[in-house]
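**Q** Dropping a prediction and its sequence here:
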2 protein chains.
Amino acid sequence: MQKPSARPSLKNIAEEANVSVSLVSKVLNDRLGNTGVTEVIAEKIRTTAKELGYRKNLSAESLRTGRHNAIGVLIHRHGESGSGLTGNIVLGITEAAREHNQKLILNFFERDDEFIEMSETAHRGMMDGLIIGGALHPDLKNHIFSIQKQGLPVVTIFDQPIHPKIVNVGMDQKLAQEMATLHLLDQGCKSVGTLSTHPERTRGYQKAMKDRGIPIHPNWIQDTGALRYTYQAGEAAVKNWLSSDTLPDGIAAQSDAHAMGIINSLHAGGVKVPEQVKVTGFDNSAFCEYVRPTITSVSQVHEQRGKRTMEMVLDLSKGKNAVHEEVQPELILRGSSRSPKD
Amino acid sequence: MQKPSARPSLKNIAEEANVSVSLVSKVLNDRLGNTGVTEVIAEKIRTTAKELGYRKNLSAESLRTGRHNAIGVLIHRHGESGSGLTGNIVLGITEAAREHNQKLILNFFERDDEFIEMSETAHRGMMDGLIIGGALHPDLKNHIFSIQKQGLPVVTIFDQPIHPKIVNVGMDQKLAQEMATLHLLDQGCKSVGTLSTHPERTRGYQKAMKDRGIPIHPNWIQDTGALRYTYQAGEAAVKNWLSSDTLPDGIAAQSDAHAMGIINSLHAGGVKVPEQVKVTGFDNSAFCEYVRPTITSVSQVHEQRGKRTMEMVLDLSKGKNAVHEEVQPELILRGSSRSPKD
DNA sequence: CTGAAAGCGCTTACAG
DNA sequence: CTGAAAGCGCTTACAG
């Protein structure tokens, strides 16, 4: 169907505007060096380009410049349970990719060996840079480092940089949990508990409590053990709290599933949320918005992180510099932590 | 960092193997026409290619062949509320893209005008085909059709084809709801209700009931009105059922938020799920797996649809044929519809 | 059965 | 200030 000839090239513009191909290229790319062009001619070139509906052939540009205008994205999804990490990171990456005219080579993996296999062939010449994120298993560090050593710019999206020389867009987990805890205290809670699963988050909780001068009753911190971030961990914690008569009046959970397990268990036990106990979740999952009460939750701003990561890997691929960054978590306020004054 | 010279080209292989560049190209691409090559030589070429770590320069191939090895993806996310549509479709598309060595040009949109703007420039020469999915607004049909008319292969992911000539990978919504309803009846329910939001789904419910010879009490179908697919629609329906004393013993909801609103409201009213009332959701959202009871739900098999769509658009871009397809929904069985016998 | 040559559309030294 | 020419790496008629 599509006639190849339908697409105008630099040559067509050059003929139409009575100039050379070189000049058209320079004008259209704003690459005139320290000399200038007659504004009249430049304008004429731009106009005819527009008239002809010119769009640069990216393959030709790639071939000539050695750039591919494509960025690889490697996300290890292992253990992701609907936190929306994948979707939201991709959203941000996509936005930046569109702005910068980049194609994407997306790859999601569940198993370490798939990840390793991909990471070893990924750099072989069809992308200008690589974004790596998701679950981080210790084994993967070496692989990631070796890719970068072979000359492909790499930016990671982990909580912490895995290596000083591999640029990372991180998120301060401790600060995130601190924010949630402080919010509960601000809402009038006198005794705040947490479900201990993520060490940094637990530290953030402890810091907030300490800063406000509230001694932590040992029962307030419920270790989730093997239940980790699950709904059942929330149920178990509530059960322990109720049976030991040490139920806090605020709970800064470490996942949204925690929060949901907590809320449902409390309701089942006749305790009202947020009236008697206020709860915050973690991850700002989609369902936080449509359960009742809606769940206040920490957003890891994955979309924003994805966007920054893409921008940084593009900088690196152009020889510019990029340094570690950290994005600020956001607390999304909803019903589960509402106080009468709100 | 990366030395361009580090990457071997056909020329390098040709020199190494003492043959011409043309021959290397033909052998490596299995394009020998009806003539053959000495197997010895072919083998030698393949071996040296491997030794040198040769990988084809895709930009050069693109420039020469006119193919871009890139597929555009345009997803209209309007109204998506965590059904996981975006994420799962992307997962499937990604998988197929990897298998077929395609780059992706991803675009997500929330507003019609963004969608239209993109769809009008999308086809201008950096992709070989376009996948369009997500929310379908009537205005968009013309735009989609005009893209295809301009010569870019298009495959859509909507419930129904929007035009006989635009290949679609559909999903039978009626069948999906029929499956859920039949399942509830099979689990021993005598009176099944639904929340009417999606006309086809409601028809599927009606068909199942009719086929089993169960007359539908008018109250069993609760119109959700403006509440649509929300949690609150589920709450409202339960309220109506309880107050009118017509609560069915099975509810085939039309969204997972419905199901969650229903389950929480029933529990609040002292009705046990699944012991007294069994419930199914729709969309197989991530949270179905980690609330208690877990929620039986219809999967729209988005991942599979995404994969098929990519395969079909690639076929079209190669001049092959492709026809409308429909994928089969799957019912994912979980706790909310469990019967004692399970 | 194998090879020489043209050309896809672009950018970039280089020359004038 | 502007242009002619080379060349990125590949594929494909065409010739032998």
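**A** Yes, it's here. Numbering: from 1, shown residues only, chains lettered A, B, ... in the order given.

**Q** right, is stretch A:111-130 up against DNA strand C?
**A** No. Judged by C-beta under 7 Å from any atom of the strand, stretch A:111-130 makes no contact with DNA strand C; its nearest approach is 14.1 Å. Where you see a C-beta, it was placed from the backbone N, CA and C, and this is true even at glycine.

**Q** Read off the pLDDT value for the closest residue to A:Arg46 other than its chain neighbours.
**A** Closest residue to A:Arg46 apart from its sequence neighbours, by C-beta to C-beta, 6 or more residues apart in numbering or on different chains: A:Val27 at 6.7 Å. Looking at A:Val27, its pLDDT stands at 86.

**Q** burial of A:Val27, as a residue count?
**A** Residues lying near A:Val27 (other C-beta atoms under 10 Å in any protein chain shown) number 21.

**Q** And it, how far from A:Ala49?
**A** Remark: distance between A:Val27 and A:Ala49 (C-beta to C-beta, to the nearest Å) = 9 Å.

**Q** just A:Leu74 next, same as before
**A** From A:Leu74 to A:Ala49 the distance is 37 Å (C-beta to C-beta).

**Q** And those two? Which one has more around it.
**A** Neighbours per residue, other C-beta under 10 Å: of A:Leu74 and A:Ala49, the larger number sits with A:Leu74, 24 against 21.

**Q** Am I right that the more buried one sits in a helix?
**A** No. Checked against DSSP: H, G, I helix; E, B strand; the rest coil, A:Leu74 lies outside a helix; its state is strand.

**Q** Would you agree it is in contact with A:Ser119?
**A** Yes. Contact criterion C-beta atoms under 8 Å: A:Leu74 and A:Ser119 qualify, at 6.2 Å.

**Q** Now the common contact residues for the two.
**A** Common contacts of A:Leu74 and A:Ser119 (C-beta atoms under 8 Å, 6 or more residues apart in numbering or on different chains): A:Leu130, A:Ile132.

**Q** can you list the residues of chain A near DNA strand C?
**A** Residues of chain A lying near DNA strand C (C-beta under 7 Å from any atom of the strand): A:4, A:7, A:9-11, A:21-22, A:25-26, A:28-29, A:31, A:54, A:56-57, A:60-61, A:63-65.

**Q** Point out where chain A drops to low pLDDT.
**A** Applying pLDDT under 70 to chain A flags residues A:1-6, A:33-36, A:79-84, A:120-125.

**Q** picking that back up, of the residues of chain A next to DNA strand C, list those near chain B.
**A** By C-beta under 8 Å from any C-beta of the partner chain, the members of the residues of chain A next to DNA strand C lying near chain B are A:Pro4, A:Arg7, A:Asn57, A:Ala60, A:Leu63.

**Q** Kindly write the PyMOL command that selects the buried subset of those.
**A** What follows is the PyMOL syntax for the buried subset of these, where burial is set by 16 or more other C-beta atoms under 10 Å in any protein chain shown:
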select buried, chain A and resi 7+57+63
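
**Q** Among the ones next to chain B among the residues of chain A next to DNA strand C, which ones lie close to DNA strand D?
**A** A:Ala60, A:Leu63.

**Q** Out of the ones next to chain B among the residues of chain A next to DNA strand C, flag the one nearest to DNA strand D.
**A** Comparing those against DNA strand D with C-beta to the nearest atom of the strand places A:Leu63 closest, at 4.1 Å.

**Q** Check the secondary structure at that closest one for me.
**A** Here A:Leu63 is recorded as helix under three-state DSSP.

**Q** list the contacts for it?
**A** Counted by C-beta under 8 Å, 6+ apart, A:Leu63 has contacts B:Asn57, B:Ser59, B:Ala60, B:Leu63.

**Q** from those, which ones fall inside helices?
**A** B:Ser59, B:Ala60, B:Leu63 (DSSP state H).

**Q** How about A:Arg334, nearest residue that isn't a chain neighbour?
**A** A:Thr294 (3.8 Å).

**Q** doesn't A:Ile332 make contact with that neighbour?
**A** No. In this structure, A:Thr294 is not within contact of A:Ile332 by C-beta under 8 Å, at 9.3 Å.

**Q** What are the boundaries of the helices in chain A?
**A** When secondary structure is read from DSSP H, chain A shows helices at A:10-17, A:21-28, A:39-52, A:58-65, A:85-99, A:112-121, A:140-149, A:173-186, A:199-211, A:231-244, A:256-268, A:302-317.

**Q** Check whether the first one comes near DNA strand D.
**A** No. Against DNA strand D, helix A:10-17 shows no contacts by C-beta under 7 Å from any atom of the strand, the least distance being 7.5 Å.

**Q** Which elements pack onto that helix?
**A** Other elements packing on helix A:10-17 under the criterion 3 or more C-beta pairs under 8 Å, 6 or more residues apart in numbering or on different chains; DSSP states H and E are helix A:21-28, helix A:39-52.

**Q** what angle do it and helix A:21-28 make?
**A** Put simply, helix A:10-17 runs at 90 degrees to helix A:21-28, going by axes from the mean of the first three to the mean of the last three C-alpha atoms, to 10 degrees.

**Q** what's the answer for the fourth one, then?
**A** With the same axes, to 10 degrees as the basis, helix A:58-65 and helix A:21-28 are set at 100 degrees to each other.

**Q** Distance from the chain centre to stretch A:253-262, please.
**A** Distance, stretch centre to chain centre, for stretch A:253-262: 21 Å (C-alpha atoms, centre = their mean, to the nearest Å).

**Q** Can you give me every residue that contacts the residue of the stretch 101-250 of chain A found nearest DNA strand C?
**A** Closest contact between the stretch 101-250 of chain A and DNA strand C, by C-beta to the nearest atom of the strand, is at A:Asn101 (11.7 Å). Contacts here follow C-beta under 8 Å, 6+ apart; on that basis A:Asn101 touches A:Leu58, A:Asn69.

**Q** Show me how the record splits chain A into domains.
**A** A:4-56, A:68-171+A:302-327, A:173-300+A:332-337 (automatic domain parsing).

**Q** Start and end of the second one, how far apart?
**A** Across its full length, domain A:68-171+A:302-327 reaches 28 Å between end residues, using C-alpha to C-alpha, to the nearest Å.

**Q** what about it and DNA strand D, any contact?
**A** No. Contact of domain A:68-171+A:302-327 with DNA strand D (C-beta under 7 Å from any atom of the strand) is absent, the minimum separation being 8.8 Å.

**Q** Off-centre distance for that domain?
**A** The answer for domain A:68-171+A:302-327 is 10 Å, by C-alpha atoms, centre = their mean.

**Q** now the shortest one
**A** Remark: domain A:4-56 is offset 39 Å from the chain centroid, using C-alpha atoms, centre = their mean.

**Q** what do you get for the longest one?
**A** Relative to the centre of its chain, domain A:173-300+A:332-337 is centred 23 Å away, using C-alpha atoms, centre = their mean.

**Q** now do the same end-to-end measure for that domain.
**A** End-to-end span of domain A:173-300+A:332-337 (C-alpha to C-alpha): 20 Å.

**Q** Looks like A:Arg334 contacts A:Glu289 (just checking).
**A** Yes. Using C-beta under 8 Å, A:Arg334 is in contact with A:Glu289, at 7.4 Å.

**Q** If any of the residues of chain A next to DNA strand C are buried, put those into a PyMOL selection.
**A** Buried residues among the residues of chain A next to DNA strand C (16+ other C-beta under 10 Å), as a PyMOL selection:
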select buried, chain A and resi 7+9+10+25+26+28+54+56+57+61+63
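
**Q** Can you tell me how far the spatially most central residue of chain A is from DNA strand D?
**A** Central residue of chain A (C-alpha atoms, centre = their mean): A:His302, 2.7 Å from the mean position. From A:His302 over to DNA strand D the distance is 37 Å, taken as C-beta to the nearest atom of the strand, to the nearest Å.
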